[in-house]
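Asker: Dropping the sequence and predicted coords here.
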Amino acid sequence: MATTLASISISHHGSHAKEAMNMKTTVKPSTIATAASTPSASVNGNNDGVRVVGIHEYKEAALCLADAFKDDHTTHYFLDTPDSTLTEEEKWDLHVSMMEYITYAHCLKGLVTTVGDFDAVALWLPPGQNIDDLLTIFRSGLWRLKYKLTPEGRVRFFNEFLPLLGESKARVMGDRDNDSWYLVYIGTHSRARGKGCAKKLITHVTDLADAEGKACYLESSNEINPKIYAKYGFEIRRKVWLQRDAKDVVELDLMVREPKTKRNSFLEKESEMRNERL
């Protein structure tokens, strides 16, 4: 559910908009030149409706994610700061901008997939990829967040959130930190929920990860989602907290999915079918 833009802090020295404007104000992530040289390019030519988002479509993909995360706890944490004077419309615009910068960065260096008419969108970082380099930060516009967020918002995003995610992922994954799939963001538009869109986006890459023998990693800021991710093999390995706002602490579940062999997958499906019959 979030990015690993730790190096963006070097700039420190380190229907849809209208409907969403009533939000109080989450942020737990192609025509990919880089990913084209990785197994992620194989997501083309599938028959489950999953396709790679072209960089010219980043705004549409970002708007889907903005809608999906408009009520997320982490979104409020960055935008609803004590020093904010933004109107609800301005907060929505900033929320969309953040999603656009993050989506564009993943179009450049990661893997962005969708189903339907941007009914759901997933941002992945394949093994060995990251969006921490200066060129990606500047091309995507991520550097603008230093000036668009309030002083407290900047501290929460750059000094607390990003370092916490980077350090926590490295601790959980160990020597596999750069050799695993990272599900940075996945969200379904409110108009398309309940149609299995997210399942398609998740299993499309987890199947690939299984074939590669790679683990998958994600963060979840929604207390309901871990049970959903568990259906796809993810397990909670650790919990961390964003706690600069003592009255509104944000809990994040760090989850890992180990690669599955064909035999293990068969046994799991057999067990599920048996349980359904009971």
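Answerer: Looks like it arrived, so ask away.
Asker: What residues sit buried inside the helix or strand hosting residue 59?
Answerer: Residue 59 belongs to helix 58-68 when assigned by DSSP states H and E. Neighbour counts using 16 or more other Cβ atoms under 10 Å place 58, 61-68 of helix 58-68 among the buried residues. Any C-beta I mention is one placed from the backbone N, CA and C, and that applies to glycine too.
Asker: do the same with stretch 231-242
Answerer: 233-234, 240, 242.
Asker: Among these, which one sits closest to residue 121?
Answerer: residue 234 (18.7 Å; Cβ to Cβ).
Asker: So for that closest one, what's the pLDDT?
Answerer: Looking at residue 234, its pLDDT is 98.
Asker: Beta-bridge partners for it, please?
Answerer: Legend: beta-bridge partners of residue 234 under DSSP bridges are residue 257.
Asker: and it, how far is that from residue 153?
Answerer: According to Cβ to Cβ, to the nearest Å, residue 234 and residue 153 sit 30 Å apart.
Asker: what does the helix holding residue 59 rub up against?
Answerer: Helix 58-68 has contacts (Cβ atoms under 8 Å, 6 or more residues apart in numbering) with 16, 19-20, 29, 53, 92, 95-96, 99-100, 102-104, 107, 112, 114, 118-121, 123, 185, 187-190.
Asker: remind me which residues of this structure are low pLDDT?
Answerer: Residues of the chain meeting the criterion pLDDT under 70: 1-47, 262-278.
Asker: how much space between residue 128 and residue 121?
Answerer: Here residue 128 is placed at a distance of 22 Å from residue 121 (Cβ to Cβ).
Asker: Among those two, which residue is more densely surrounded?
Answerer: Neighbour tally, residue 128 and residue 121, criterion other Cβ atoms under 10 Å: the higher count belongs to residue 121, 32 against 11.
Asker: Which strand residues bridge the more buried one?
Answerer: Those that pair with residue 121 in a beta bridge, by DSSP bridges, are residue 114, residue 187.
Asker: so what's it up against?
Answerer: Neighbours of residue 121 in contact, by Cβ under 8 Å, 6+ apart: 53, 61, 64-65, 68, 103, 112-114, 185-187, 201.
Asker: if I read this right, residue 130 contacts residue 109, doesn't it?
Answerer: Yes - with contact defined as Cβ atoms under 8 Å, residue 130 reaches residue 109; the gap is 6.9 Å.
Asker: The two: which is more packed in?
Answerer: With neighbours defined as other Cβ under 10 Å, residue 130 and residue 109 compare such that residue 109 has more, 23 against 19.
Asker: Need the three-state assignment for the residue nearest to that one when sequence neighbours are not counted.
Answerer: Excluding its sequence neighbours, the residue lying closest to residue 109 (Cβ to Cβ, 6 or more residues apart in numbering) is residue 131, at 4.9 Å. On the three-state scheme (DSSP: H, G, I helix; E, B strand; the rest coil), residue 131 is labelled coil.
Asker: Backbone torsions only: list them for residue 131.
Answerer: Note on residue 131: backbone dihedrals following degrees, to the nearest 10 are phi -120, psi 30.
Asker: how many other residues sit next to it?
Answerer: 27.
Asker: in the protein, which residue is closest to the centre?
Answerer: Centroid check for the chain by Cα atoms, centre = their mean gives residue 185 as the closest residue, at 1.4 Å.
Asker: Fine, thanks again, bye for now.
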